[in-house]
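1. Mind looking at a prediction? Sequence and model below.
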Amino acid sequence: MSKRPSVIDAMKLRSSMINMDSFLHSALELSNRDNDIEKPAEKKRCVDIDGRKVIFTMVKDETQRPKTSREERLKFEVTNKNVKLRGACQERKLRRFLMKFDIPALTVIYLVTFVAMNVCFAALWSIESDGCCEDGSMTFWQHFDFAVQTSSTIGYGGYWPRGYLNNALVVLLTALSILTSTVYAGLLFFKFITPEANIEFSEVMTLSNVMGQTCLEIRVGNTDGDNNKLINAEASLTVVSLQEYRSQDSDEVLRISQPEDLKLAVTSQHLFTGVWTLRHFIDETSPLYGFRFDEFPGNTINGFQLNIKAIQTLTKGEVYAQTNYQVADLLVGHGFEDQAVWDKDIRTGTFDYAKMSCTRPSLVWYPQKKDILKCDDEVMST
């Protein structure tokens with residue numbers, strides 16, 4: 001059975017071909033425009049994979065960018081039925097609902113709640129003939145002033161409640177005010193201490209040759225840069241396929257969702273302040289090796305899942321980010337455009353996030369379609 005060069009061999013830039021072991025000396029080969037890595041002499045490769053012949057040819061611009069946005073294509077809603085709920089369900093829903101808002105929105109909600117609560121109590125006292133303080137001449141705004149002083153625990157002393165009902169309303173207003181302020185303060189504290197980062201993902205994935213090896217690439221960026229440094233960043237990539245098989249007990253067709261890890265060339269970054277290009281080399285060890293994405297079994301891929309985990313230096317807490325891709329997001333025969341500009345004189349780097357998902361046509365070794373498969377003996381890989 002034939003064997004293609006491994007990822008390690010590709011990363012060495014085939015230094016053995018020029019009898020040099022140094023990475024820098026091997027880079028001399030890439031400096032030549034007609035180098036064997038970027039422009040190999042062979043036009044196609046025929047490989048025997050699991051007893052089937054697969055022809056790899058150089059292609060460019062094989063697939064096009066989808067017309068609809070990835071956000072629209074990834075819309076998917078999961079509904080759970082017959083779930084046994086434990087504890088107060090509505091309380092959990094309210095708590096999760098409030099935790100979704102940012103600090104400005106929470107502040108607006110708190111102020112609106114505070115004003116509405118005092119308006120309600122002021123209206124109740126205005127309905128009474130003697131008001132809250134047995135003074136029938138008090139207007140609605142005076143009652144509102146008394147409610148605000150009570151709920152905010154200011155208590156200037158200009159008004160004081162009289163009667164059992166009014167004192168009971170004061171106790172109720174004070175309790176509701178303390179509860180509302182406590183919830184707001186807790187949410188505010190939670191928002192301040194929770195580590196966060198603005199991590200952006202490329203809209204597409206690319207498949208092109210990197211150092212002569214078929215490579216799947218995804219871009220991830222920390223848009224906060226030096227203002228929010230992340231350290232010990234880790235990445236993991238998973239491909240999920242939907243497989244069908246027949247049950248041994250009956251002819252019923254069953255489905256199983258099977259995830260598989262895709263090994264990344266680099267899985268961690270000590271300092272993550274810019275753009276990180278994640279690479280998965282498709283070699284003999286890759287679950288994607290030898291498959292087209294528009295033919296079986298490549299067309300059973302349900303999607304790709306990318307997870308990022310890092311530590312925020314400011315809070316020393318972990319931040320997480322996750323995104324999903326579909327096969328339609330994979331541009332075969334494309335590579336990412338340069339996004340970074342380096343100025344060695346002033347020692348600065350600039351990342352243009354407008355180019356986060358910009359691609360250009362690029363050559364890639366890609367399997368031929370099965371209906372045109374013809375493998376010649378002289379091109380069989382050894």
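-> Cool, the structure landed.
2. going forward, measure contacts and count neighbours with C-alpha atoms only.
-> OK.
3. starting at the chain centroid, how far to the helix ranked longest in the chain?
-> The single longest helix within the chain, with elements called by DSSP state H, is helix 164-193. Distance, stretch centre to chain centre, for helix 164-193: 37 Å (CA atoms, centre = their mean, to the nearest Å).
4. Other residues contacting whichever helix or strand comes after that helix?
-> Where DSSP states H and E defines the elements, the next helix or strand beyond helix 164-193 is strand 199-201. Contact with strand 199-201 is made by I218, R219, V220, G221, N222, T223, A321, T323, M356, as judged by CA atoms under 8 Å, 6 or more residues apart in numbering.
5. Over to stretch 53-61?
-> 43-48, 290, 331-334, 361-368, 373-375.
6. all helices for the stretch 1-150 of the chain, in order.
-> Using DSSP state H, counting those that start in this stretch, the helices of the stretch 1-150 of the chain run over 7-11, 23-31, 70-73, 89-99, 103-127, 140-151.
7. on that earlier part again, list buried residues within the contacts of stretch 53-61.
-> 44-48, 290, 331-334, 361-368, 375 (16 or more other CA atoms under 10 Å).
8. what inclination does the longest helix of the chain have with respect to helix 103-127?
-> Angle between the axes of helix 164-193 and helix 103-127 is 180 degrees (criterion: axes from the mean of the first three to the mean of the last three CA atoms, to 10 degrees).
9. quick check: mean pLDDT across helix 164-193?
-> On average, the pLDDT along helix 164-193 is 89.
10. residues of it that come out buried?
-> For helix 164-193, by 16+ other CA under 10 Å, it's N166, L169, V170, L173, T174, S177, T180, S181, Y184, L187, L188, K191.
11. how close does F291 sit to Y325?
-> Distance of F291 to Y325, computed by CA to CA, to the nearest Å: 18 Å.
12. higher neighbour count, the two?
-> Y325 (21 against 17; other CA atoms under 10 Å).
13. Quick one, grab the pLDDT at the more buried one.
-> 93.
14. got the CA positions of stretch 348-360 in CSV?
-> What follows is stretch 348-360, C-alpha atoms only, in CSV (Å, rounded to 0.1, in the frame of the first residue of the first chain):
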residue,chain,number,x,y,z
THR,A,348,4.3,47.2,15.6
GLY,A,349,1.9,44.8,14.0
THR,A,350,-1.5,45.7,12.6
PHE,A,351,-4.2,43.2,11.9
ASP,A,352,-6.9,44.2,9.5
TYR,A,353,-10.1,42.4,10.5
ALA,A,354,-11.9,43.5,7.4
LYS,A,355,-9.7,40.8,5.7
MET,A,356,-10.5,38.2,8.3
SER,A,357,-12.4,36.1,5.8
CYS,A,358,-10.9,37.3,2.5
THR,A,359,-9.5,34.5,0.4
ARG,A,360,-7.7,34.1,-2.9
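15. circling back to that earlier point, give me the subset of the contacts of stretch 53-61 lying in strands.
-> 44-48, 331-332, 334, 361, 364-367 (DSSP state E).
16. and which of these is nearest V115?
-> L331 (54.0 Å; CA to CA).
17. and that closest one, what is it in contact with?
-> D61, E62, T63, Q64, R65, V204, M205, T206, L207.
18. 10 Å - rerun?
-> Contacts for L331 (CA atoms under 10 Å, 6 or more residues apart in numbering) come out as 60-66, 204-208, 216-217, 359-361.
19. need the strands for the stretch 201-350 of the chain, in chain order.
-> 205-210, 213-222, 230-246, 253-262, 268-272, 275-281, 301-312, 318-325, 330-332, 334-336, 340-343, 348-351 (DSSP state E, counting those that start in this stretch).
20. so can I have TSV of the ones you listed showing distance to Q142?
-> Below are those laid out as TSV (distance: least, CA to CA, whole Å):
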stretch	distance to Q142
strand 205-210	64
strand 213-222	53
strand 230-246	53
strand 253-262	66
strand 268-272	57
strand 275-281	59
strand 301-312	50
strand 318-325	49
strand 330-332	66
strand 334-336	66
strand 340-343	63
strand 348-351	58
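21. Identify whichever of these lies nearest to P161.
-> Of all the strands of the stretch 201-350 of the chain, strand 318-325 comes closest under CA to CA, at 50.7 Å.
22. residues making contact with that closest one?
-> 70-71, 73-74, 194-205, 230-239, 302-312.
23. Buried only: go through these for me.
-> For the contacts of strand 318-325, a neighbour count by 16+ other CA under 10 Å gives the buried set as 70, 195-197, 199-205, 230-231, 233-239, 302-306, 308-312.
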